[in-house]
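1. what's the 3D shape of this:
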Amino acid sequence: MSSRPESNNASNGIFAANSTDRSTLSESAFHRMISMERRRSARTRKSFVLMLLEMGDHASKERRIGLRKVLSTVSLALRDTDVVGWYQEDNVVGVMFTEIALDDQNSLPATLMTRVGTTLKQHLLPLQFHKLSISFHLFAEARGEEMLTRDTSPAVYAGVAATANETSF
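-> So this is what the prediction gives:
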């Protein structure tokens with residue numbers, strides 16, 4: 001079963017209206033997908049990773065343009081089972097990596113960062129790339145793991161904490 005919605009109708013509230021990429025989920029649809037994936041994860045005991053990307057000054061036009069470029073670029077590095085959308089509309093891009101094998105939990109962020117980071121670096125301006133803040137959050141609820149946190153953006157992490165109990169890298 002694919003995590004991507006089937007419809008391409010942007011007016012149905014699933015896809016982001018301000019995106020040229022019809023596979024980019026709106027904020028509400030992306031949060032529904034997180035909720036669905038959490039239930040699937042608990043049922044199947046398979047973990048998933050939420051990657052959040054934000055870019056510098058929240059009031060600048062350049063940041064919004066940069067984040068839209070991030071949205072279109074990050075899709076190039078994803079598998080069919082991964083989901084991309086607005087975690088916070090025009091502020092934070094979210095990517096869900098589903099069906100993650102946790103053979104080595106410590107190498108997972110580096111593996112994902114290499115895959116996504118290389119693509120972003122190739123397609124973004126150097127200044128845009130260096131302004132990116134990227135955090136990873138492992139959802140492994142079925143394992144009974146305690147929530148571990150590291151320094152992440154308070155604005156981003158507050159939304160994640162309200163959404164789920166997860167392990168942060």
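
2. mind listing what's buried in the biggest helix by length in the chain?
-> Identified as the longest helix of the chain according to DSSP state H is helix 27-44. Residues of helix 27-44 classed as buried: 27, 29, 30, 31, 32, 33, 34, 37, 38, 41 (neighbour count, 16 or more other Cβ atoms under 10 Å). For glycine as for every other residue, the C-beta is placed from the backbone atoms N, C-alpha and C.

3. what packs against it?
-> With contacts defined as 3 or more Cβ pairs under 8 Å, 6 or more residues apart in numbering; DSSP states H and E, helix 27-44 has these neighbours: strand 47-55, strand 83-88, strand 92-100, strand 132-139, helix 154-163.

4. report the angle between that helix and strand 92-100.
-> Calculated by axes from the mean of the first three to the mean of the last three Cα atoms, to 10 degrees, helix 27-44 forms an angle of 20 degrees with strand 92-100.

5. how about the CA coordinates for helix 27-44, as PDB?
-> The C-alpha coordinates for helix 27-44 follow below in PDB (Å, rounded to 0.1, in the frame of the first residue of the first chain):
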ATOM      1  CA  GLU A  27      -0.300  21.000   6.300                       C
ATOM      2  CA  SER A  28      -3.600  19.300   7.500                       C
ATOM      3  CA  ALA A  29      -3.200  16.400   5.100                       C
ATOM      4  CA  PHE A  30       0.400  15.900   6.200                       C
ATOM      5  CA  HIS A  31      -0.600  15.800   9.800                       C
ATOM      6  CA  ARG A  32      -3.300  13.300   9.000                       C
ATOM      7  CA  MET A  33      -0.700  11.100   7.300                       C
ATOM      8  CA  ILE A  34       1.500  11.300  10.400                       C
ATOM      9  CA  SER A  35      -1.400  10.100  12.500                       C
ATOM     10  CA  MET A  36      -2.200   7.300  10.000                       C
ATOM     11  CA  GLU A  37       1.500   6.300   9.900                       C
ATOM     12  CA  ARG A  38       1.600   6.200  13.700                       C
ATOM     13  CA  ARG A  39      -1.300   3.900  13.900                       C
ATOM     14  CA  ARG A  40       0.200   1.700  11.200                       C
ATOM     15  CA  SER A  41       3.500   1.700  13.000                       C
ATOM     16  CA  ALA A  42       1.900   0.600  16.300                       C
ATOM     17  CA  ARG A  43       0.000  -2.100  14.500                       C
ATOM     18  CA  THR A  44       2.900  -3.500  12.400                       C
END
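
6. could you give the average pLDDT over it?
-> Averaged across helix 27-44, pLDDT comes to 92.
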